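Trainee: missing the sequence, but the structure's below:
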């Protein structure tokens, strides 16, 4: 089970995959961000799967620090995408038209490939 979190300049995309299918997802506008919202989503996912892989991608350092704080509170292991990207040789020919779907797919593909090589 993989949880991908992508923090963009406007929105945070959270997507939880079970058996390679989207189980649940959420989009949080950065203006509405709170540690509590992330904590609730992560807790909901942990209620479904004790063993979960988490990848965090972000371009907003202030939000990244707060999300990492939530992970430390929940004592869950996570990976920063910028640190694992060099280990992956991925090519996705995904169309830019549906950006949120593209982001979720890319994050899921990266998570699948990364966790298979661990």
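Mentor: All right, it came through fine. Given the structure is predicted, the values throughout are model-derived calculations rather than measurements. Residues are numbered from 1 along each chain as shown.
Trainee: pLDDT of stretch 44-55, averaged?
Mentor: Stretch 44-55 shows a mean pLDDT of 81.
Trainee: How about stretch 14-24?
Mentor: 86.
Trainee: Pull out the buried positions in stretch 14-33.
Mentor: For stretch 14-33, a neighbour-count test (16 or more other C-beta atoms under 10 Å) marks 14, 15, 16, 17, 23, 26, 28, 33 as buried. No exception for glycine: its C-beta is placed from N, CA and C like everyone else's.
Trainee: Repeat that for stretch 62-78.
Mentor: Going by neighbour count (16+ other C-beta under 10 Å), the buried part of stretch 62-78 is 63, 64, 67, 70, 71, 78.
Trainee: Residue 54 contacts residue 78, doesn't it?
Mentor: Yes. Counting by C-beta atoms under 8 Å, residue 54 does reach residue 78; the two are 4.0 Å apart.
Trainee: Tell me the helices and strands packed up against the helix or strand residue 43 falls within.
Mentor: Secondary structure from DSSP states H and E places residue 43 in helix 35-48. Applying 3 or more C-beta pairs under 8 Å, 6 or more residues apart in numbering; DSSP states H and E, we find helix 35-48 packed against strand 2-7, strand 11-18, strand 21-29, helix 61-74.
Trainee: and the first one, how far from the chain's centre?
Mentor: The gap between the average C-alpha position of strand 2-7 and the chain average comes to 1 Å, counting by C-alpha atoms, centre = their mean, to the nearest Å.
Trainee: That strand to helix 35-48, inter-axis angle?
Mentor: 170 degrees (axes from the mean of the first three to the mean of the last three C-alpha atoms, to 10 degrees).
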